[in-house]
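In: okay, sequence plus prediction incoming.
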Amino acid sequence: MLLTEGVGGQFLTQGVDGQFLAQGVGGQFLAQGVGERLLAHGVGGRQDLPIPFSAAVSGAAIALLVSFAALGFLWREPRLAGIPSYVTRNTTWLRPAIGIVIAAYFAIGLLFGPDTPDNPTAGAFYVLFWVGLVPLSLVFGPVWRNFNPLRTLHRAACALLRRDPDHGWKTLSPRVGYWPATAGLLAFVWLELVAPDRATLPVITIWLTLYALTTLTGAAIFGSQWFDKGDAFEAYSTLIGSLSPISRQITQPTRPPGRPAAKSPQDKSPRGKSPHGISPQGKSRRRDSHPPAQTKPRNSAAKATESPAHTKLTLRNPLDGMAGLAHAPGLPALVIVLLGSTMYDSLSNAPLWVRFVQESRLPAPLMGTFGLLTVIALVLALFLAATTWAARLGSAAPATTAGELAHSLVPIAVGYLVAHYFTLFLFEGQHTLALLSDPLDTGANWLGTANWTLQSLGATPASIAMLQVTVIVIGHVLGTVLAHDRALTLFPHRTAVIGQIPLMALMVIYTVVGLLLLFAG
Amino acid sequence: MKSLMVLLVCAVLSVTACGAASDAATFSGPAKEIAVTIANGTVTPPPARVEVAKGQQVKISVTSDVADEAHVHGFDKSASLQPGTVATIEFVADQDGLFEVETHESELQLFQLVVQ
């Protein structure tokens, strides 16, 4: 995918344990250094697997089929309660302040550092921030909203102007849903995977400026709720954070009649707005994801639960959290851009694709754009075909089926993200942390990390290859469970299992294609 | 399903535990010779993965019709290319992994070197 030329590559290969750093067919990343390109290589690849690759692929497919069969026999009623994520309203300044400090530190290298491979900006943006948000959100939930410096800027500007940050000049139509974030995510993955000179400061600066201007304009017009589904990185963190085991329970002793016990104060849980709400058994989970119901209860609930004294952190089953991700327009597209772009990243490193691009005679960015959009379109077409077919077999409405099943793709996308970026994060992350001590390249050691040498942290090519297969399979199995549970509420009982056969086929195709691409060659 | 996941996690852990002690293999065989020609922006043979053994001597010969620079990533070996003249890069593939070999000016990938 990105960056590092020259010194970066040397660092990767000459660190401690340099024996196996910079290698592997797995999660490589393409680099666009100063005028030059380079693959900074992942560790672990097909040849490193302790079992033959064909065995890994067929094992993955069998694991899916077995879990599908087991689900059909053993999991006959919907069980997932749809517990919304733990989302703090911004009641303190601590996390926003941390976000601002980090953003300001990042800006030093971006604005004043030299445009060389020793500048930490590209690594901080693409590796620490973009990839780092995956583990952060997986553990703590949709946290980016708490740190998002743009949200804080908006809030500060509203405070200065004595405006209510929650209300803009216009009301955001619920039909907009995740579409702005989807567009933003597409813009980001294009930058990350296709844009020429994407690791250079001018390109990153231009992109971030456009992103900040668009997002702040949206917030100025529609109020802070624009960030929820309009900001690509908040939506990304929300998707992944839905798998977090942490949620919050509201412990108000007296609550207005008709309000469900586990009601979320935020708008990501239309299920929480149902009069039936979220019963502890989850039996009454409804498909009432009508976005128009969102705005009003959201704000009143937010006011009512402003005090943290009324809430406490609880653990939840990540699947309950995932099932609690509210459907909104654009959600399937958002998830599929995430999944498809990661697949394209794998594809773009395959010799077959390299050959195709080099022989086409068209400019590489044009071919890259074409490839990225094609892969995303194929992933989308497969998903729509499977859900339409499933809706037909299960006698449900095709239009709602796709939206209702979109959440089942999130663990799959997360599996790919982890498999694909694990080595990048592990090694380039360390490298970036070292560079961050000296963003102006003056020999400084501000953070005390400048002299870090690359540690393998126990990772070997074989263990990494095995991890990649494992997280992909786990992601698909979890996706199957989520799709199954949702199908039980979507489809009439007698067609619930048969209706899932297309979904099963979809999962198997995604697994096999994903593994082939990840270990392409 | 839980037991399946536990099984998978155990598999990963066991591999991690025993995989750490791999030694650098030494290879005593003939050098791997790879010849690449660049003409009119086209690479012949077309980009592919070339496998060599860890520790094997690698000899890359590049002929280009324009002045350029060829570069092996990871090993950080370069050779300047003059039109019509064969340039060679020689090194011992002592790190395993996947490494891109490419030109800098024309930004063409010549091949990917797989060392294992």
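Out: Yep, it's here. Numbering: from 1, shown residues only, chains lettered A, B, ... in the order given.
In: which secondary structure element contains A:Gly475?
Out: A:Gly475 belongs to helix A:461-490 when elements are defined using DSSP states H and E.
In: report the mean confidence score over that helix.
Out: Average pLDDT, helix A:461-490: 89.
In: after the host helix or strand of B:Val62, which helix or strand is next? Please name it.
Out: In this structure, B:Val62 sits in strand B:57-64 according to DSSP H and E. As assigned by DSSP H and E, the chain's next helix or strand after strand B:57-64 is strand B:68-72.
In: next, the angle from the helix or strand that that following strand is followed by to strand B:68-72.
Out: Proceeding N to C from strand B:68-72, the next assigned helix or strand is strand B:77-81, under DSSP H and E. Relative orientation of strand B:77-81 versus strand B:68-72 (axes from the mean of the first three to the mean of the last three C-alpha atoms, to 10 degrees): 160 degrees.
In: so strand B:77-81, near chain A or not?
Out: No: against chain A, strand B:77-81 shows no contacts by C-beta under 8 Å from any C-beta of the partner chain, the least distance being 10.4 Å. From N, CA and C alone the C-beta is placed, and that goes for glycine too.
In: in that strand, what counts as buried?
Out: B:Lys77, B:Ala79, B:Leu81 (16 or more other C-beta atoms under 10 Å in any protein chain shown).
In: what is the mean pLDDT for the very next helix or strand once past it?
Out: Reading on from strand B:77-81 to the C-terminus, the next helix or strand found by DSSP H and E is strand B:86-92. Mean pLDDT, taken over the full extent of strand B:86-92, equals 93.
In: list the buried residues of strand B:86-92.
Out: Neighbour-count burial for strand B:86-92 flags B:Ala87, B:Ile89 (criterion: 16+ other C-beta under 10 Å).
In: same thing with stretch B:104-111?
Out: So stretch B:104-111, judged by 16+ other C-beta under 10 Å, has buried residues B:His104, B:Leu108, B:Gln109, B:Leu110, B:Phe111.
In: re earlier: and chain B, is the helix holding A:Gly475 touching that?
Out: Yes: interface with chain B: helix A:461-490 contributes A:Pro461, A:Ala462, A:Ser463, A:Met466, A:Leu467, A:Thr470, A:Val473, A:Ile474, A:Val477, A:Val481 (C-beta under 8 Å from any C-beta).
In: for chain B, which residue gets nearest to chain A?
Out: Residue of chain B nearest chain A, by C-beta to the nearest C-beta: B:Gly97 (1.5 Å).
In: sketch out the low-pLDDT regions of chain B for me.
Out: Residues of chain B meeting the criterion pLDDT under 70: B:1-26.
In: dump the residues of helix A:461-490 next to chain B to CSV, plus neighbour count.
Out: Output for the residues of helix A:461-490 next to chain B, formatted as CSV (neighbours: other C-beta atoms under 10 Å in any protein chain shown):
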residue, neighbour count
A:Pro461, 25
A:Ala462, 22
A:Ser463, 23
A:Met466, 25
A:Leu467, 24
A:Thr470, 22
A:Val473, 26
A:Ile474, 20
A:Val477, 26
A:Val481, 23
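In: how many other residues sit next to A:Leu136?
Out: A:Leu136 has 18 neighbouring residues, counting by other C-beta atoms under 10 Å in any protein chain shown.
In: returning to what we had before: close to chain A, is the strand holding B:Val62?
Out: No: judged by C-beta under 8 Å from any C-beta, strand B:57-64 and chain A are separated, with a smallest distance of 14.0 Å.
In: now do that strand: everything it contacts.
Out: Strand B:57-64 is contacted from outside by B:30-39, B:52, B:70, B:72, B:79, B:81-93, B:101, B:103, B:110, B:113, using C-beta atoms under 8 Å, 6 or more residues apart in numbering or on different chains.
In: in the helix or strand B:Glu51 falls within, what counts as buried?
Out: Here B:Glu51, judged by DSSP H and E, is contained in strand B:49-52. By 16+ other C-beta under 10 Å, the buried positions in strand B:49-52 come out as B:Val50, B:Val52.
In: given it, what are its sheet partners and their directions?
Out: Strand pairing for strand B:49-52, using DSSP bridges, gives strand B:109-115 (parallel).
In: the partner strand to strand B:57-64, inter-axis angle?
Out: Going by the same axes, to 10 degrees, strand B:109-115 makes 180 degrees with strand B:57-64.
In: between strand B:86-92 and strand B:109-115, find me the angle.
Out: Going by the same axes, to 10 degrees, strand B:109-115 makes 20 degrees with strand B:86-92.
In: okay, strand B:109-115 in CSV with CA atoms only?
Out: The C-alpha coordinates for strand B:109-115 follow below in CSV (Å, rounded to 0.1, in the frame of the first residue of the first chain):
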residue,chain,number,x,y,z
GLN,B,109,8.5,-3.6,-11.6
LEU,B,110,11.0,-6.2,-13.1
PHE,B,111,10.1,-9.1,-10.8
GLN,B,112,9.6,-10.1,-7.2
LEU,B,113,12.2,-12.1,-5.5
VAL,B,114,11.0,-14.7,-3.0
VAL,B,115,13.7,-15.9,-0.7
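In: who touches that strand?
Out: Under C-beta under 8 Å, 6+ apart, the answer for strand B:109-115 is A:23, A:25, A:39, A:45, A:47, A:351, A:354, A:358, A:521, B:34, B:36, B:38, B:43, B:45, B:47-54, B:56, B:58, B:62, B:70, B:72, B:93, B:95-103.
In: and the buried ones among those residues, selectable in PyMOL?
Out: Only the buried entries of the contacts of strand B:109-115 go into this PyMOL selection, using 16+ other C-beta under 10 Å:
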select buried, (chain A and resi 23+25+39+45+47+351+354+358+521) or (chain B and resi 34+36+38+43+47+50+52+53+54+56+58+62+70+72+93+95+96+97+98+99+100+101+102+103)
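In: about what we covered before: out of the residues of helix A:461-490 next to chain B, what pair is the most spread apart?
Out: Largest separation among the residues of helix A:461-490 next to chain B by C-beta to C-beta: A:Pro461 and A:Val481, giving 30.8 Å.
In: just the strands in the stretch 51-200 of chain A please.
Out: Ranges of strands within the stretch 51-200 of chain A: none, based on DSSP state E, counting those that start in this stretch.
In: can you name the residues of the stretch 251-400 of chain A that neighbour chain B?
Out: Residues of the stretch 251-400 of chain A found near chain B (C-beta under 8 Å from any C-beta) are A:Pro351, A:Val354, A:Arg355, A:Gln358, A:Glu359, A:Arg361, A:Ala364.
In: the first one and A:Ile376: what is the separation?
Out: Computed with C-beta to C-beta, to the nearest Å, the distance linking A:Pro351 and A:Ile376 is 22 Å.
In: do the same with the fifth one
Out: A:Glu359 sits at a distance of 23 Å from A:Ile376 (criterion: C-beta to C-beta).
In: neighbour count: the two, which is higher?
Out: Higher neighbour count among A:Glu359 and A:Ile376: A:Ile376, with 21 against 13, using other C-beta under 10 Å.
In: confidence score at that one?
Out: 97.
In: over to the one 10 residues further on?
Out: Looking at A:Ala386, its pLDDT is 94.
In: do A:Thr13 as well
Out: 32.
In: tell me which parts of the stretch 401-521 of chain A are close to chain B?
Out: Listed as neighbours of chain B in the stretch 401-521 of chain A under the rule C-beta under 8 Å from any C-beta: A:458-463, A:466-467, A:470, A:473-474, A:477, A:481, A:521.
In: again, only using 6 Å
Out: Neighbours of chain B within the stretch 401-521 of chain A, by C-beta under 6 Å from any C-beta of the partner chain: A:Thr460, A:Ala462, A:Ser463, A:Met466, A:Leu467, A:Thr470, A:Ile474, A:Gly521.
In: for those residues, which one is nearest A:Phe383?
Out: Distances from A:Phe383 to these, taken by C-beta to C-beta, are shortest for A:Ile474, at 19.8 Å.
In: the residues of helix A:461-490 next to chain B into TSV, with extra columns for distance to A:Thr209?
Out: Output for those, formatted as TSV (distance: C-beta to C-beta, whole Å):
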residue	distance to A:Thr209
A:Pro461	40
A:Ala462	44
A:Ser463	41
A:Met466	42
A:Leu467	37
A:Thr470	40
A:Val473	41
A:Ile474	39
A:Val477	42
A:Val481	42
